[in-house]
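# need a structure here:
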Amino acid sequence: MNTARIHMNTEPAASTPALLQLMWLASPALPIGGFSYSEGLEAAIDQGFVHDEDSACEWLVQQLHLTQSRGDMAVLAQMVLAWQSQDVPRLAELSHWVHATRESAELRLQTVQMGRSMVEWLRNQQAIDEANLALCNAWIPTYPLMFAYALSRTGAALDQCLQAYAFGWAENMVQAALKSVPLGQNAGQRILARLAQDIAAACQHAMQLRDDERQAFSPMLAIVSARHETQYSRLFRS
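Residues are numbered from 1 along each chain as shown. A predicted model of the protein is given here:
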């Protein structure tokens with residue numbers, strides 16, 4: 001029996017190939033709590049807007065294009081570039097925009113909790129230095145801000161970074177649909193396939209938006225998210 005000790009590689013993730021880093025960041029296993037949020041989907045089910053595979057698919061496809069692509073993915077793209085150039089005033093501006101545009105208490109809780117968990121993950125991976133950590137602590141470390149930091153270290157192209165983020169979001173949302181509609185695994189895979197078909201286009205749209213075109217205007221999502229705060233029976237935190 002070989003009793004030699006295994007040497008664990010503790011070098012920062014930047015030494016890992018870009019594709020593997022993107023897969024890692026997109027994984028639902030990333031310990032930042034994404035699995036505990038439905039982003040209004042659970043409330044949409046309670047209100048009857050989502051009730052089967054087709055309606056769940058339509059809800060998530062619209063959310064991809066109307067809220068993710070026009071809002072979080074657009075600001076995420078700009079944050080990745082700002083982190084790469086260490087443009088501190090720009091990062092502060094974008095971080096403020098994210099926090100100010102959360103349309104309900106639950107959505108704000110989600111972005112702050114996941115952002116702080118992302119900071120802890122980066123610290124545990126020895127993937128953030130003290131200077132950048134101090135910057136994050138000077139602002140509210142929202143999830144897009146910290147995920148953009150992690151993406152900025154991978155060396156991957158911007159469109160690939162956004163695709164990794166979008167696919168990770170899609171996987172979490174499909175899992176929420178499976179538990180709360182409820183749906184079977186095959187239905188979930190069909191919804192995920194439909195979302196995957198639209199992700200590249202959504203990413204391209206996000207990268208083209210200027211500051212005055214970026215928006216966080218989704219009234220129905222805001223309403224169902226607010227209603228979720230007092231919903232009688234809940235599985236998810238949003």
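# How about the one helix or strand residue 54 maps to, which residues are buried there?
Using DSSP states H and E, residue 54 maps to helix 53-63. Across helix 53-63, burial judged by 16 or more other CB atoms under 10 Å covers 53, 55, 56, 57, 59, 60, 61, 63. For the C-beta atoms, the positions are set from N, CA and C on the backbone; glycine is no exception.
# for it, packing partners?
Judged by 3 or more CB pairs under 8 Å, 6 or more residues apart in numbering; DSSP states H and E, helix 53-63 is in contact with helix 41-46, helix 158-180, helix 185-208.
# out of these, deepest packed?
Most buried of those by mean neighbour count (mean count of other CB atoms under 10 Å) is helix 41-46; its value is a mean of 24.
# want to throw the buried residues of helix 53-63 into CSV with pLDDT and distance to residue 80?
Listed next are the buried residues of helix 53-63 as CSV, based on pLDDT from 0 to 100; distance: CB to CB, whole Å:
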residue, pLDDT, distance to residue 80
53, 97, 34
55, 97, 33
56, 98, 30
57, 98, 29
59, 97, 28
60, 98, 24
61, 97, 24
63, 96, 22
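# CSV please, covering these and showing distance to residue 15.
Listed next are the buried residues of helix 53-63 as CSV, based on distance: CB to CB, whole Å:
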residue, distance to residue 15
53, 42
55, 45
56, 40
57, 39
59, 40
60, 35
61, 37
63, 35
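# Widest-spaced pair of these?
By the measure CB to CB, 53 and 63 form the most distant pair in the buried residues of helix 53-63, at 15.8 Å.
# Any chance you could list what contacts the helix or strand bottoming out on mean pLDDT in the chain?
Sorting the helices and strands of the chain by mean pLDDT, DSSP states H and E puts helix 130-138 at the bottom, at a mean of 84. If you take CB atoms under 8 Å, 6 or more residues apart in numbering as the criterion, helix 130-138 is touched by 88, 91, 92, 119, 123, 128, 145, 146, 149.
# which helices and strands does the next helix or strand after it pack with?
On the C-terminal side of helix 130-138, the closest following helix or strand by DSSP H and E is helix 143-152. Judged by 3+ CB pairs under 8 Å, 6+ apart, the packing partners of helix 143-152 are helix 18-26, helix 73-85, helix 88-100, helix 105-124, helix 130-138, helix 158-180.
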